[in-house]
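S.K.: give the three-dimensional model of this entry:
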Amino acid sequence: MLTTRFVTGAPNWIDVGTPDIDGATSFYGALFGWQFQSAGPDSGGYGFFQLDGKTAAGGMQTTPEQGPPSWTVYFQSPDAEATAKAVEHAGGTVLMQPMDVMGEGHMAILADKAGVPFGVWQPARLKGLDVAGDPGSLCWTELYTPDIAAAAAFYHSVFGWDTSGVAFPGGTYTCINPADAGDEGMFGGLVPLADDPTESESGAYWLPYFEVGDTDAVLSRAQELGGTVRMPATDAEGVGRVAKLADPYGARFAVIKSAPHG
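M.R.: Modelled structure (predicted):
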């Protein structure tokens, strides 16, 4: 699972683009206990979702021209420029060129060979999220992709990710972790897009998971708040109780009460 001991290639930031930041703040505040704090007058409306005073995510109001409401996962890079070039070399695209963000770090928005957007964050003053793995914070990520082998090769060439197969009833789950980090560095998985029938039309995407104390209660609350249930609460043996949701504006995410380990 994720921690805030960020290493190259691991998720170190996440943010949501939404047509209504006030509405999103209300939704996620009631769901996870987050409070929105502006990043300042020069930030273009960008801000931080705080959980007990620690940054759990970022967010900003976006227009339809900037794409549909969605969560973006960012991976740590020591050099955003070099990572952008590696993406192009591997057959991906640069959607937003690397740029300095008010001295806090450098970011870029990229897309893999299947067209799935993701971000990179090159830390400076801002190292990354303040909290991960605790209830109300990011704990796992999944890439739903039409071609597992192609995705694994792409991200290995860009970030050096390693993959490993974990057997489960009905198949094998492909786990991902930063180079040389081993199982302890595992932060996500690659999943065949065909395994997510709800997304067969809208295509491949990254799905963030947030840890919760009670999956069923969060699912019920999300519905009360105008969210959509994309997959009802389901037990995954040895993993936890999982549900897939979308916020009232369509941004997709998942929640999990992780099974105890060790």
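S.K.: need the pLDDT of G40.
M.R.: On the pLDDT scale, G40 is placed at 85.
S.K.: could you pull out the strands in the stretch 1-150 of the chain for me?
M.R.: Along the stretch 1-150 of the chain, counting by DSSP state E, counting those that start in this stretch, strands occupy 11-18, 35-38, 47-51, 54-61, 70-76, 93-100, 105-111, 117-123, 138-145.
S.K.: so what strands line up beside the second one?
M.R.: Strand pairing for strand 35-38, using DSSP bridges, gives strand 47-51 (antiparallel).
S.K.: the partner strand - what's its average pLDDT?
M.R.: Mean predicted lDDT for strand 47-51 stands at 97.
S.K.: quick one: it to chain centroid distance?
M.R.: In this view, strand 47-51 has its centroid 15 Å away from the chain centroid, taken as CA atoms, centre = their mean, to the nearest Å.
S.K.: do stretch 20-34 as well
M.R.: Chain-centre distance of stretch 20-34: 17 Å, with CA atoms, centre = their mean.
S.K.: buried residues, that stretch. List them.
M.R.: For stretch 20-34, the neighbour count (16 or more other CB atoms under 10 Å) marks 21, 23-25, 27-28, 31-32, 34 as buried. Every residue, glycine included, has its C-beta placed from N, CA and C.
S.K.: if we can go back for a sec, dump the strands of the stretch 1-150 of the chain into a markdown table; add mean neighbour count and distance to A204 as well.
M.R.: As requested, the strands of the stretch 1-150 of the chain are exported to a markdown table (neighbours: other CB atoms under 10 Å; distance: least, CB to CB, whole Å):
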| stretch | mean neighbour count | distance to A204 |
| --- | --- | --- |
| strand 11-18 | 24 | 17 |
| strand 35-38 | 14 | 29 |
| strand 47-51 | 22 | 26 |
| strand 54-61 | 21 | 22 |
| strand 70-76 | 22 | 12 |
| strand 93-100 | 14 | 14 |
| strand 105-111 | 21 | 10 |
| strand 117-123 | 22 | 10 |
| strand 138-145 | 24 | 5 |
